[in-house]
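Engineer: Okay, here's the prediction I keep looking at, along with the sequence it came from:
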Amino acid sequence: MRLIRLGAEPSAIGADVRAALTAWGVGTEVLGGIALIGVQPPDCPIPLDAIVVLPKGVLVIVGVDLPDPGMKLEAPLGGQWKIDGWPLVAKDGTANPATEAVAAATAVAQRIQAMRAEPLPVSTVVAVGPFVSQVVQPTVDLNRGVRVLHPKPSTVLSAARELATSTVPCTADHAAKLFAILQNTGSPPDAKAFIAEGFSDAVSPDLAAASTMLIPKAQLLQVIGRKRLPGKLTWPYLAGAALLALILVVWLVVALPSDDKPADATPAPTSAQPTSVVVDGTTFVPKEMKKDQECQAQAFGDVKAWLVANDCGVLLRATYETTLKDKPVTVLVADMDLYDAPSAKALHAVVALPGSGGVHGLDGKPLKSAAFANGTKGSHVTLAFAVWSGGAGDPSLDPIAKQALRLPTTR
């Protein structure tokens with residue numbers, strides 16, 4: 001188990017959660033997996049003590065600090081909690097501290113689903129403290145994939161083994177996509193770190209199968225060695241070959257021109273490049289165009305998270321210049337090919353949300369306060385940004401951004 005600490009644990013018992021996970025040790029000797037400590041994924045209502053990503057499941061761990069230690073905790077999800085027979089009521093009047101924990105786990109599962117990442121089961125662990133000797137839960141709650149426990153290496157390990165039961169283990173590549181979706185800062189670990197923690201390397205079986213197709217070098221030489229030329233070449237064969245060579249030499253002398261110039265010096269016709277594009281009366285002058293195979297590397301925000309978790313064929317970006325009220329305007333148009341229409345619609349749903357991110361300019365930076373428009377057609381999603389040249393944008397540039405959706409991203 002490897003731990004990545006992104007922030008402080010929001011509960012006091014969170015320190016015990018971290019200690020329990022640390023006790024498993026690095027690698028797969030106990031369980032494997034990688035945990036994010038002190039994380040609050042986008043769209044999650046509360047900060048979490050930990051998200052544990054295992055090869056066969058995801059655990060959302062939320063700490064609940066009880067007013068006092070106890071021997072027996074009765075913890076139904078749909079009813080009043082009791083500690084040693086006494087009703088437990090939080091400072092805000094909540095009778096069931098697990099409500100927030102379940103809501104947080106649901107938000108994490110919905111984000112994973114919305115970003116179309118690996119569909120691992122997401123379960124909830126409510127870590128209570130400072131100390132509880134025994135926790136009693138209804139069977140129906142246990143079947144829902146929720147565990148309430150005092151965090152120790154043994155109790156957290158038992159919960160992980162009971163809840164992480166996916167029949168299809170997560171690969172290192174899919175795990176990296178999950179982390180890109182869940183992390184609110186930083187970058188996911190590399191593939192070697194995931195493989196060291198028990199995530200499968202999907203490439204290895206294919207390579208192993210391919211290696212069985214190779215022919216050993218010694219065997220290949222032996223096969224080639226079996227081909228034999230005739231032991232003797234007769235004179236008729238030699239005479240025919242000489243005559244053919246003579247005819248070829250004569251043809252070359254006649255066909256080749258006498259000077260050093262090529263036989264056909266006429267330049268190939270080239271199509272004229274457009275100097276401007278007019279959309280609804282607005283003239284756009286093309287400046288630069290760029291093609292990228294890795295779409296996610298040029299994106300930011302939720303758009304990047306979605307692209308990390310899903311395939312994108314190619315990203316085409318183009319910049320144009322135009323004017324509005326005699327002031328110069330810079331326009332960026334980005335076209336992403338998502339291979340199929342359902343994927344394009346899914347990404348477009350993310351793009352259409354305010355503050356969901358976008359695509360960098362050709363200098364690798366997002367355009368500041370740009371007017372923004374977006375659209376989708378078939379397997380493509382198109383984004384358009386407009387700013388005042390050398391500065392930021394404002395709402396007066398919205399019509400320019402909408403017109404820019406119809407500009408080409410290739411010459």
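Structural biologist: Now that the structure is in, tell me what you want to look at.
Engineer: in the stretch 301-411 of the chain, which spans are helices?
Structural biologist: For the stretch 301-411 of the chain, the helices defined by DSSP state H, counting those that start in this stretch cover 301-309, 341-351, 398-404.
Engineer: what pLDDT, on average, does the second one get?
Structural biologist: The reference is to helix 341-351. In this model, helix 341-351 carries a mean pLDDT of 91.
Engineer: just the angle between that helix and helix 301-309, please?
Structural biologist: Per axes from the mean of the first three to the mean of the last three Cα atoms, to 10 degrees, the angle that helix 341-351 makes with helix 301-309 is 150 degrees.
Engineer: So for helix 341-351, what gets flagged as buried?
Structural biologist: Along helix 341-351, these residues count as buried under the neighbour rule (16 or more other Cβ atoms under 10 Å): Ser343, Ala344, Ala346, Leu347, His348, Val350, Val351. Where you see a C-beta, it was placed from the backbone N, CA and C, and this is true even at glycine.
Engineer: Who are the packing partners of it?
Structural biologist: When contacts are defined as 3 or more Cβ pairs under 8 Å, 6 or more residues apart in numbering; DSSP states H and E, helix 341-351 sits against helix 301-309, strand 371-377, strand 380-388.
Engineer: List the contacts of that helix.
Structural biologist: If you take Cβ atoms under 8 Å, 6 or more residues apart in numbering as the criterion, helix 341-351 is touched by 114-116, 302-303, 306-307, 310-311, 336, 338, 356, 358, 374-381, 383.
Engineer: Only alpha carbons, please: show it as PDB.
Structural biologist: Output in PDB follows, covering the C-alpha atoms of helix 341-351 (Å, rounded to 0.1, in the frame of the first residue of the first chain):
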ATOM      1  CA  ALA A 341     -20.800  10.100 -31.500                       C
ATOM      2  CA  PRO A 342     -21.600   8.800 -27.900                       C
ATOM      3  CA  SER A 343     -18.200   9.700 -26.700                       C
ATOM      4  CA  ALA A 344     -18.500  13.200 -28.300                       C
ATOM      5  CA  LYS A 345     -21.800  13.800 -26.600                       C
ATOM      6  CA  ALA A 346     -20.400  12.600 -23.200                       C
ATOM      7  CA  LEU A 347     -17.400  15.100 -23.500                       C
ATOM      8  CA  HIS A 348     -19.700  17.800 -24.700                       C
ATOM      9  CA  ALA A 349     -21.800  17.400 -21.600                       C
ATOM     10  CA  VAL A 350     -18.700  18.100 -19.500                       C
ATOM     11  CA  VAL A 351     -17.500  21.000 -21.600                       C
END
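Engineer: which one of the helices and strands packed on helix 341-351 lies closest to Ala15?
Structural biologist: Nearest to Ala15 among the helices and strands packed on helix 341-351 is helix 301-309; the distance by Cβ to Cβ comes to 29.2 Å.
Engineer: Quick check: mean pLDDT of that closest one?
Structural biologist: For helix 301-309, mean pLDDT is 90.
Engineer: Measure how that helix sits relative to strand 380-388, angle-wise.
Structural biologist: Using the same axes, to 10 degrees: helix 301-309 against strand 380-388 is 150 degrees.
Engineer: Alpha carbons of helix 301-309, in PDB - could you do that?
Structural biologist: Extracted as PDB, the C-alpha positions of helix 301-309 are listed here (Å, rounded to 0.1, in the frame of the first residue of the first chain):
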ATOM      1  CA  GLY A 301      -9.800  21.100 -15.600                       C
ATOM      2  CA  ASP A 302     -12.600  18.600 -15.900                       C
ATOM      3  CA  VAL A 303     -12.000  18.400 -19.700                       C
ATOM      4  CA  LYS A 304      -8.500  17.100 -19.100                       C
ATOM      5  CA  ALA A 305      -9.800  14.600 -16.500                       C
ATOM      6  CA  TRP A 306     -12.400  13.300 -19.000                       C
ATOM      7  CA  LEU A 307      -9.800  13.000 -21.700                       C
ATOM      8  CA  VAL A 308      -7.300  11.100 -19.500                       C
ATOM      9  CA  ALA A 309     -10.000   8.600 -18.700                       C
END
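Engineer: just checking, what packs against that helix?
Structural biologist: helix 172-182, helix 341-351, strand 358-359.
Engineer: Which secondary structure element of this protein has the lowest mean pLDDT?
Structural biologist: Among the helices and strands of the chain, helix 217-225 carries the lowest confidence by mean pLDDT, DSSP states H and E, at a mean of 36.
Engineer: which residues pair with Lys291 across the strands?
Structural biologist: For Lys291, the beta-bridge assignment (DSSP bridges) gives partners Leu316.
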